[in-house]
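*Asks:* Show me the folded form of this:
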Amino acid sequence: MSDARVAQPSRRRIRTVSTTVTYLLLAAATILMIAPWVWALSTSFKRSQDVFSPNSGIIPTPFSLQAYERIFTETPFGTYAMNSVIVTACVVALNVLFDSCAAYAFAKLRFPGRDILFWLLMITMMIPMQVNLIPLYRMMVWAHRYFSWFGVDTLAGIIAPGVVQVFGIFLMRQFFMSIPDSMLEAARLDGASEFQILRRIVLPIAAPGLATLTIFTFLGTWNDFLWPLLVSSSESTRTLPVGLALLARKNSVDWPGTMAGAVVSAVPMVIVFLLAQRKFIDGLTAGSTKE
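*Replies:* The predicted structure follows:
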């Protein structure tokens, strides 16, 4: 009896120490992750001569909005932002539409070669995007010869490669497979078409999956740099990541302006995640099990 009484405080101490160490490690990891953003936010409110000054700290002294004024008055920042909004909105909308339709076909429809075709698509996920850059660029050059609104140096050329993504098909297929086939069979017996079943039954049930796909696609497209840099060659088609990179192209880097642009471009991502975080978390957990 006495041994059990001695062992209980010992286990409590071990549990307390373990919990304390865990929280300390999490706090350290959090500080490491947010430190660059704190420095970027602080730098965006400094003057250029104060960025690397020995007396400069985290809190800007003096507090200045010159960097934000410069990016909106001396650069076509509004054009970059509008291009990013157009490209991201189109890619997200088309991804949700086409990926959901393809995922529904692979999950709930039976046709010859379905499984083979799906695994061939999975294999393409192993091919890095950089490998496809040259063939895609050549295709855009060829298309621009016949369609002036498509191909290189057009927003349509930036949007085209991201219209359908294999990851989105795989993600939505996992959600659709969790929906009972009996529910769909009942709808078919009532005379509903496959598109009606998808729109009225499957997609509402898979709302967390749609939210997850939307956030992943939004973040990836909004931050995409390499493909827009390769395709766009004029101010009218450049997106925010490319425009921000051009601020650091000269001999002297405008650190406050670059950080101000980074802060402004990060605001939409934060807003989207805050608005959809509950659906996003539900989507990450709901698709992991099959009922």
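*Asks:* Break the protein down into its structural domains.
*Replies:* Following automatic domain parsing, one gets these domains for the chain: 2-44, 67-286.
*Asks:* Mean pLDDT for those domains - can I get that in TSV?
*Replies:* As requested, the domains of the chain are arranged in TSV below (pLDDT from 0 to 100):
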stretch	mean pLDDT
domain 2-44	81
domain 67-286	87
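*Asks:* How much space separates Ala187 from Phe176?
*Replies:* For Ala187, the distance to Phe176 under the criterion C-beta to C-beta, to the nearest Å works out to 14 Å. Yep, even glycine has a C-beta here, placed from its N, CA and C like the rest.
*Asks:* Could you do His144 as well?
*Replies:* Taken as C-beta to C-beta, the span from His144 to Phe176 is 37 Å.
*Asks:* so where's the longest helix in the protein?
*Replies:* Among all segments of the chain classified by DSSP state H, the helix with the greatest residue count is helix 2-44.
*Asks:* starting at the chain centroid, how far to that one?
*Replies:* Offset of helix 2-44 from its chain centre (C-alpha atoms, centre = their mean, to the nearest Å): 29 Å.
*Asks:* so what does that helix touch, helix or strand wise?
*Replies:* helix 255-286 (3 or more C-beta pairs under 8 Å, 6 or more residues apart in numbering; DSSP states H and E).
*Asks:* The helix it packs on vs helix 2-44, what angle?
*Replies:* Counting by axes from the mean of the first three to the mean of the last three C-alpha atoms, to 10 degrees, helix 255-286 lies at 140 degrees to helix 2-44.
*Asks:* Mind giving me the packing neighbours of helix 255-286?
*Replies:* Packing partners of helix 255-286 (3+ C-beta pairs under 8 Å, 6+ apart): helix 2-44, helix 66-73, helix 77-108, helix 207-222, helix 240-247.
*Asks:* In the chain, which residue is most central in space?
*Replies:* Leu219 (1.8 Å; C-alpha atoms, centre = their mean).
*Asks:* give me every residue that touches that residue.
*Replies:* Taking C-beta atoms under 8 Å, 6 or more residues apart in numbering as the criterion, Leu219 is in contact with Met269.
*Asks:* buried residues in stretch 43-57?
*Replies:* By 16 or more other C-beta atoms under 10 Å, the buried positions in stretch 43-57 come out as 43-48, 50-51, 56.
*Asks:* Quick check: end-to-end length of that stretch?
*Replies:* For stretch 43-57, the first-to-last residue distance is 10 Å (C-alpha to C-alpha, to the nearest Å).
*Asks:* Tell me the gap between that stretch and the middle of its chain.
*Replies:* Counting by C-alpha atoms, centre = their mean, stretch 43-57 is centred 31 Å from the centre of its parent chain.
*Asks:* Which of the domains of the chain sits closest to Pro60?
*Replies:* Between Pro60 and the domains of the chain, the tightest spacing by C-beta to C-beta is seen for domain 2-44, at 5.9 Å.
*Asks:* Would you confirm that Val263 contacts Ala40?
*Replies:* Yes - assessed by C-beta atoms under 8 Å, Val263 is found in contact with Ala40 at 6.2 Å.
*Asks:* picking up where we left off before, now the domains of the chain in CSV, with distance to Thr61?
*Replies:* Rendered in CSV, the data for those read as follows (distance: least, C-beta to C-beta, whole Å):
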stretch, distance to Thr61
domain 2-44, 10
domain 67-286, 14
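*Asks:* Can you tell me which of the ones you listed is most buried?
*Replies:* Ranked by average neighbour count under the criterion mean count of other C-beta atoms under 10 Å, those are headed by domain 67-286 at a mean of 17.
*Asks:* rewinding a little: shared neighbours, Ala187 and Phe176?
*Replies:* With C-beta under 8 Å, 6+ apart as the test, Ala187 and Phe176 reach no residue in common.
*Asks:* now the helices for the stretch 51-200 of the chain?
*Replies:* All helices of the stretch 51-200 of the chain, identified by DSSP state H, counting those that start in this stretch, fall at 66-73, 77-108, 114-124, 129-146, 155-159, 166-177, 181-189, 194-197.
*Asks:* I'd like to know which of those lies nearest to Pro208.
*Replies:* Taking C-beta to C-beta as the criterion, helix 166-177 is the member of the helices of the stretch 51-200 of the chain that comes nearest to Pro208, at 7.6 Å.
*Asks:* tell me the angle of that closest one relative to helix 77-108?
*Replies:* Using the same axes, to 10 degrees, one finds that helix 166-177 and helix 77-108 are set 40 degrees apart in direction.
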